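Novice: sequence and computational prediction follow.
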Amino acid sequence: MWERSSQIWEWHTVCDPCRKLGQKRHKTDEPVCLESGGACVREAKLPPLPIVPLTARATRALRLFFECSTQWRTSFGGLTGLDYPSCRMVAKNIGIEWNDTFPLLRVLEASRLRYANEEIEKKREQEAAKRK
C-alpha cells in the first residue's frame with residue numbers, strides 16, 4: 001500500500017505541472033501529458049487503484065492535507081514537516097475542525113515525509129554511483 005501511495009504522490013506532484021505544460025505545448029483547453037499530448041504516460045504504468053471508501057473525517061483530513069500543500073517547512077535536506085500554525089489557519093478558513101483532523105493530517109504528513117526521504121536517498125545513491 002505504501003508503494004502505491006508513493007506512486008500516487010509522485011504522480012500528483014510531478015504530473016500536474018507536466019499537464020499544465022502539455023496544455024500549453026499542445027494548445028488544448030484541457031491539461032494533457034506533455035510527452036504524449038493525451039493520456040498521462042506515467043499514470044498508464046500504474047496498476048489500478050482499489051476503491052476504498054473514506055470516512056467523512058478522513059475526507060476532511062485529506063482535503064486539509066491538499067489545501068496545506070504550500071505550507072511545508074524545508075531545510076537543506078528537503079522537507080521537514082508541515083507548518084502546523086499555518087495549517088491550523090487553513091483549517092479554520094475552510095471550516096474544518098482542527099482537533100478532529102490533526103491526528104490524521106499527521107499520518108498523511110508522515111507518509112509524505114517517508115516518500116520524500118526515500119526519493120532523496122535514491123538521488124544520493126545515483127549521484128554516488130555516477131562518481132565511481
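Specialist: Looks like it arrived, so ask away. Fair warning: this is a prediction, and the values are worked out from it, not measured in the lab. Residues are numbered from 1 along each chain as shown.
Novice: alpha carbons only for contacts and neighbour counts from here, please
Specialist: Fine.
Novice: ends of stretch 28-35, what's the gap?
Specialist: In stretch 28-35, first residue to last residue: 14 Å (CA to CA, to the nearest Å).
Novice: give me the buried positions along it.
Specialist: Neighbour counts over stretch 28-35 (16 or more other CA atoms under 10 Å) mark 31-35 as buried.
Novice: average pLDDT for that stretch?
Specialist: Mean pLDDT, stretch 28-35: 78.
Novice: just stretch 79-87 next, same as before
Specialist: Average pLDDT, stretch 79-87: 94.
Novice: repeat for stretch 97-112
Specialist: For stretch 97-112, mean pLDDT is 94.
Novice: that stretch: how far from the chain's middle?
Specialist: The chain centroid and the centroid of stretch 97-112 are separated by 14 Å under CA atoms, centre = their mean, to the nearest Å.
Novice: again with stretch 59-68
Specialist: Centroid displacement of stretch 59-68 relative to its chain, using CA atoms, centre = their mean, is 11 Å.
Novice: repeat for stretch 72-85
Specialist: Mean-position distance between stretch 72-85 and its chain equals 14 Å (CA atoms, centre = their mean).
Novice: only C-alpha atoms, please: export that stretch in CSV.
Specialist: Output of stretch 72-85 as CSV, limited to C-alpha atoms (Å, rounded to 0.1, in the frame of the first residue of the first chain):
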residue,chain,number,x,y,z
TRP,A,72,5.7,22.7,4.1
ARG,A,73,8.8,23.6,6.1
THR,A,74,12.1,22.8,4.4
SER,A,75,15.8,22.7,5.1
PHE,A,76,18.8,21.9,3.1
GLY,A,77,17.9,18.2,3.4
GLY,A,78,14.4,18.7,2.0
LEU,A,79,11.0,18.7,3.6
THR,A,80,11.0,18.7,7.4
GLY,A,81,7.2,18.8,8.0
LEU,A,82,4.1,20.9,7.8
ASP,A,83,3.9,24.3,9.3
TYR,A,84,1.1,23.5,11.9
PRO,A,85,0.2,27.1,12.8
